[in-house]
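> Output the structure for:
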Amino acid sequence: MRFVVFFLVCCLTGSALFAEMPAAVTPFDAPDPTAVQTPDGFYAFTTGRGIQILYSKDLLRWERKGRVFAENVPQWAKERIPGSNSIWAPDIVFHNGLYHIYYSVSTFGGQRSLIGLAVNKTLDPESPDYAWEDRGIVLESHPEHTDYNAIDSAFFVDDDAKAYLLWGSYWTGIKGVEVDAKTGKPFKYKDGELKIPADYRTVANRGQDEDQSIEAAYVIKRSGFYYLFTSRGNCCDGVKSDYRIVLGRGKSPLGPYFDKDGKRLDKGGGTLFLASDEKWKGPGHNGILRTKDGKDYLFLHAYDADNAKAGRLMQVRPLSTLTIFF
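As a prediction, the model looks like this:
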């Protein structure tokens, strides 16, 4: 069955959806970006040692503004995940009067991973209230105890004030669970020493007949529907990267989500949203920022085909509203 939806894209070519060309690109490595607007401007957070912080007054010019943690990885997390030397895939959101940043600690290709949480009253480093409080572990994964990998978290608060956390990479895909809106952590964990949330579910999975990769969930709600973005492909191989963004639509934050052909994302489905072009290779791991004036911007990373050695550059792409057949 076909149905008309409102969606955040600027143009439609064939069956693939594409966002507008980037309005801003950092000249330096800034993978897995997430952003928020504050009274004094815009802050973006990216993968890096201690979590890299970027700042902009206008969404066009970005500068480095230090890092969340003085250490490359908090000592408690480094002890829990031996071999970790940087923090991956942060997710920033303003909730209950505090800026919440979820972050991942892992090693490349490993399933022994964790997601942590830190909060701050302000993001302005000049404010006397500026201080990051690390609230420790949210959940974790272990190859002998879980069917997921605990990285790439995405925190979502619905209109009814219920909160949800999505996470996951490879293995059996993207997971999700309702969490306590006050603490930002699962209501209940399974028995044992590991922080494995009870009652989590699969929200999206890698397909059997196509690319076996999936990661980097992100959820938005528009016009009464929920849209789940995930990334597939190889994120980190320069101009050879085939990273790309796919999406689905659902009626609940935890799904089920369906692509344009009606295939469930937890069965391997996903409608292509953004892929490589001649200039930008491996676009993915996106977040979406809605500004106070109601405009939407897509944050993601990609390689510049003319300067791949610069790394995964953060892009800011304006998004427009279109009526499409989804």
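> Could you use CA atoms for every contact and neighbour count after this?
OK.
> How about A305, nearest residue that isn't a chain neighbour?
Leaving aside its chain neighbours, A305 sits nearest to K279 (5.3 Å; criterion: C-alpha to C-alpha, 6 or more residues apart in numbering).
> Please apply the same query to V157.
Excluding its sequence neighbours, the residue lying closest to V157 (C-alpha to C-alpha, 6+ apart) is A163, at 4.4 Å.
> likewise A44?
A35 (4.1 Å).
> Give the full set of residues in contact with R249.
Going by C-alpha atoms under 8 Å, 6 or more residues apart in numbering, R249 touches F225, Y226, Y227, L228, Y257, F258, D259.
> Next, give phi and psi for it.
Note on R249: its backbone torsions stand at phi -120, psi 140 [degrees, to the nearest 10].
> can you pull out the helices in the protein?
For the chain, the helices defined by DSSP state H occupy 75-80.
> Could you pick out the longest strand of the protein?
As assigned by DSSP state E, the longest strand anywhere in the chain is strand 280-290.
> What are the buried residues along that strand?
Neighbour counts over strand 280-290 (16 or more other C-alpha atoms under 10 Å) mark W280, K281, G282, P283, G284, H285, N286, G287, I288, L289 as buried.
> what sits up against that strand?
With contact meaning C-alpha under 8 Å, 6+ apart, strand 280-290 is reached by 32-37, 215-218, 220, 229-232, 234-236, 238-245, 274-276, 296-305.
> Give me the subset of those residues lying in strands.
Using DSSP E, the subset of the contacts of strand 280-290 located in strands is 34-37, 215-218, 220, 229-232, 244-245, 274, 296-304.
> where does the protein have its least confident helix or strand?
strand 11-13 (a mean of 31; mean pLDDT, DSSP states H and E).
> follow-up on the earlier one: filter the contacts of strand 280-290 to the buried ones?
32-37, 215-218, 220, 229-232, 234-236, 238-239, 241-245, 274-276, 296-305.
> ok, the residue nearest to V157 touching E178?
Yes: the pair formed by A163 and E178 meets the contact definition of C-alpha atoms under 8 Å, at 5.9 Å.
> neighbour-wise, which of these two wins?
E178 (25 against 22; other C-alpha atoms under 10 Å).
> That one against D158, yeah?
No: using C-alpha under 8 Å, E178 makes no contact with D158, being 10.6 Å away.
> quick one, what contacts L165?
Contact analysis of L165 by C-alpha under 8 Å, 6+ apart lists S153, A154, F155, F156, G176, V177, E178, V179.
> Strands - which of the residues you listed land there?
A154, F155, F156, G176, V177, E178, V179.
> got CSV for the residues you listed, with pLDDT and distance to Y148 too?
Listed next are the ones in strands among the contacts of L165 as CSV, based on pLDDT from 0 to 100; distance: C-alpha to C-alpha, whole Å:
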residue, pLDDT, distance to Y148
A154, 98, 15
F155, 98, 17
F156, 98, 19
G176, 98, 11
V177, 98, 13
E178, 98, 17
V179, 98, 18
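> Make TSV out of the residues you listed and add distance to R49.
Shown next, in TSV, are the ones in strands among the contacts of L165 (distance: C-alpha to C-alpha, whole Å):
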residue	distance to R49
A154	20
F155	22
F156	25
G176	26
V177	28
E178	29
V179	27
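> Check the gap between the nearest residue to S276 once chain neighbours are set aside and C236 for me.
Of all residues not flanking S276 in the chain, G282 sits nearest, at 5.5 Å (C-alpha to C-alpha, 6+ apart). According to C-alpha to C-alpha, to the nearest Å, G282 and C236 sit 8 Å apart.
> cool, and A308?
A308 is 10 Å from C236, by C-alpha to C-alpha.
> Specify which residues of the stretch 51-200 of the chain, grouped into ranges, have pLDDT under the cut-off.
Within the stretch 51-200 of the chain, no stretch has pLDDT under 70.
> could you pull out the strands for it?
Listed in chain order, the strands found in the stretch 51-200 of the chain under DSSP state E, counting those that start in this stretch are 52-56, 63-67, 88-95, 98-105, 113-120, 133-141, 154-157, 163-167, 174-179.
> Can you give me the end-to-end span of stretch 262-278?
Terminal-residue distance, stretch 262-278 (C-alpha to C-alpha): 30 Å.
> tell me how far it is from the chain's mean position?
16 Å (C-alpha atoms, centre = their mean, to the nearest Å).
> Repeat that for stretch 308-317.
16 Å.
> List of residues touching that stretch?
Stretch 308-317 has contacts (C-alpha under 8 Å, 6+ apart) with 19-33, 59-60, 236, 238-239, 297-304.
> let's go with 7 Å and repeat that
The set of residues external to stretch 308-317 that reach it, using C-alpha atoms under 7 Å, 6 or more residues apart in numbering, is 19-31, 33, 238-239, 297-303.
> buried ones in that stretch?
In terms of neighbour count (16+ other C-alpha under 10 Å), stretch 308-317 has its buried residues at A308, G311, R312, L313, M314, Q315, V316, R317.
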